[in-house]
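**Q** Please find the sequence and the predicted model below.
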Amino acid sequence: MMQCGWPLMGPLRWLHYVNKEVKVRAGKGEEHRGWLLSVDPVSASVVLVSFGEAVAVRVVMGHAVEAVEVLRAADDETAKRLRSVFLPPPSPCLDPKELRQRRDALRQWLQENRIPVEEEGEELKVAGVLTIAAPYSGQDCRSSNQIILDRIQRLVGIQDCTNQRLPL
């Protein structure tokens with residue numbers, strides 16, 4: 001099925017194209033093929049994913065889309081791969097004892113380096129503005145303050161790699 005006037009179709013119609021292999025005709029005779037992962041509801045831009053040796057992601061700007069043709073629907077395996085494209089790699093499964101040991105070691109390391117930290121349930125709260133969740137690596141840090149987030153992520157990453165005390 002070929003559709004024209006892509007930006008005018010709207011989100012409800014765009015949903016019918018998600019998880020389908022499509023051919024997108026864009027301005028200047030360009031043609032793009034891939035699995036339609038998402039459509040931006042504001043700009044009508046199309047996110048296409050191609051699987052090969054590596055996953056390739058391409059965004060076709062909504063204003064340039066002239067037509068979209070469905071080639072085929074995704075099977076269960078392809079739909080699963082599409083859902084996992086932007087998910088972080090799975091973290092190792094640690095038992096509760098190992099998680100508690102990691103949390104305690106990180107808390108102690110932060111305290112020894114004069115970084116204010118306290119436990120809030122299973123999470124560590126750093127300086128009241130950053131949270132570290134299990135399994136307590138740099139990737140598990142959350143904060144709305146990007147500068148603090150970056151600094152603590154680097155410190156936690158260094159601590160993970162070296163397991164040593166660093167002077168601050």
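**A** Thanks, I have the structure now.

**Q** what about the most centrally placed residue in the chain, which SS state?
**A** The centroid of the chain falls nearest to Phe86 when counting by CA atoms, centre = their mean (4.4 Å). Assigned by DSSP: H, G, I helix; E, B strand; the rest coil, the conformation of Phe86 is coil.

**Q** Now it. Its backbone dihedrals?
**A** Backbone torsions of Phe86, given as degrees, to the nearest 10, read phi -110, psi 10.

**Q** ditto for Asn145
**A** Main-chain torsions, Asn145, degrees, to the nearest 10: phi -90, psi 100.

**Q** number of nearby residues for it?
**A** 12 (other CB atoms under 10 Å). Just so you know, the C-beta spots here come from the backbone N, C-alpha and C atoms, and that holds for glycine as well.

**Q** Without its sequence neighbours, what residue ends up closest to it?
**A** Spatial nearest neighbour of Asn145, chain neighbours left out: Val129 (5.4 Å); criterion: CB to CB, 6 or more residues apart in numbering.

**Q** Can you tell me the element Glu77 falls in?
**A** Using DSSP states H and E, Glu77 maps to helix 76-83.

**Q** Packing partners of that helix?
**A** In terms of contacts (3 or more CB pairs under 8 Å, 6 or more residues apart in numbering; DSSP states H and E), helix 76-83 is packed against strand 30-39, strand 46-51.

**Q** ok and whatever helix or strand comes next after the shortest one relative to strand 30-39, angle-wise?
**A** Secondary structure here is assigned by DSSP H and E; on that basis, the next helix or strand after strand 46-51 toward the C-terminus is strand 55-60. Comparing the axes of strand 55-60 and strand 30-39 via axes from the mean of the first three to the mean of the last three CA atoms, to 10 degrees yields an angle of 100 degrees.

**Q** which strands and helices sit next to strand 55-60?
**A** strand 30-39, strand 46-51.

**Q** quick one: contacts of the next helix or strand after that strand?
**A** Using DSSP H and E, the next helix or strand after strand 55-60 towards the C-terminus is strand 65-73. For strand 65-73, the external contacting residues (CB atoms under 8 Å, 6 or more residues apart in numbering) are 1-4, 6-7, 17, 19-27, 33, 36, 44, 46.
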